[in-house]
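# okay, predicted coordinates and the sequence, questions at the end:
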Amino acid sequence: MVNDPIGDLLIQIKNAGLAGKSSVVLPASKIKFALASILAKEGYVGAVTRMGKAPTYQLNIVLKYEEGKPVIADVKRMSKPGLRVYVKRNEIPKVVGGLGIAIISTPQGIMTGNDAKKRGLGGELLCEIW
């Protein structure tokens with residue numbers, strides 16, 4: 001059993017990219033699908049699809065590469081099950097000088113740090129990706 005499904009999702013995507021895989025298939029959940037959809041919208045991964053029948057949905061994430069290297073260079077899980085990290089709207093970090101993204105869980109759903117700043121929202125800082 002995985003105690004940190006978000007961390008597991010991020011590391012499996014990163015490791016599959018480093019191994020040169022074309023896609024990765026994981027057990028699906030609403031939060032994993034929302035996180036993967038943000039990664040697809042921001043251009044870090046290709047298509048994200050949910051496969052299978054309820055209750056055993058699978059999440060298929062197609063990886064992206066540029067010049068033979070994975071688009072996701074690194075990930076950092078900020079808020080962990082043992083230590084939650086919350087930020088106010090003016091404390092949302094810039095990731096690698098603006099080249100990466102921060103993903104935040106807000107009362108209005110999961111979104112990037114830039115979207116949360118525009119809406120004036122703070123929340124739980126899930127991860128940073130660059």
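Structure's in. What do you need? Numbers count the residues shown, from 1 in each chain.
# domain ranges for this structure?
Structural domains assigned to the chain are 5-70, 75-129, following automatic domain parsing.
# secondary structure class for the residue nearest the centre of the chain?
Nearest to the geometric centre of the chain sits Leu35, at 4.3 Å (C-alpha atoms, centre = their mean). State at Leu35, reduced to three classes by DSSP: H, G, I helix; E, B strand; the rest coil: helix.
# tell me the pLDDT at it?
On pLDDT, Leu35 comes in at 97.
# and if you look at Gly98?
So, for Gly98, pLDDT stands at 89.
# ditto for Met1
Per-residue confidence for Met1 comes out at a pLDDT of 61.
# is the nearest residue to Leu10 once chain neighbours are set aside bridged to anything, and to what?
Excluding its sequence neighbours, the residue lying closest to Leu10 (C-beta to C-beta, 6 or more residues apart in numbering) is Val75, at 4.5 Å. C-betas here are computed from N, CA, C, even on glycine. Beta-bridge partners recorded for Val75 (DSSP bridges): Ile129.
# could you pull up the residues touching the nearest residue to Val85 once chain neighbours are set aside?
Distances taken as C-beta to C-beta, 6+ apart place Ser79 nearest to Val85, at 4.2 Å, with adjacent residues excluded. Residues in contact with Ser79 (C-beta atoms under 8 Å, 6 or more residues apart in numbering) are Val85, Tyr86, Glu124, Leu125, Leu126, Cys127.
# and the fourth one, what element?
According to DSSP states H and E, Leu125 maps onto strand 123-129.
# quick one, the helix ranked longest in the chain and strand 123-129 angle?
In terms of residue count, the longest helix belonging to the chain (DSSP state H) is helix 5-18. Put simply, helix 5-18 runs at 10 degrees to strand 123-129, going by axes from the mean of the first three to the mean of the last three C-alpha atoms, to 10 degrees.
# adjacent strands (with direction) for the next helix or strand after helix 5-18?
Where DSSP H and E defines the elements, the next helix or strand beyond helix 5-18 is strand 23-27. According to DSSP bridges, strand 23-27 forms sheet pairs with strand 58-63 (antiparallel).
# thanks again, I'm all set now.
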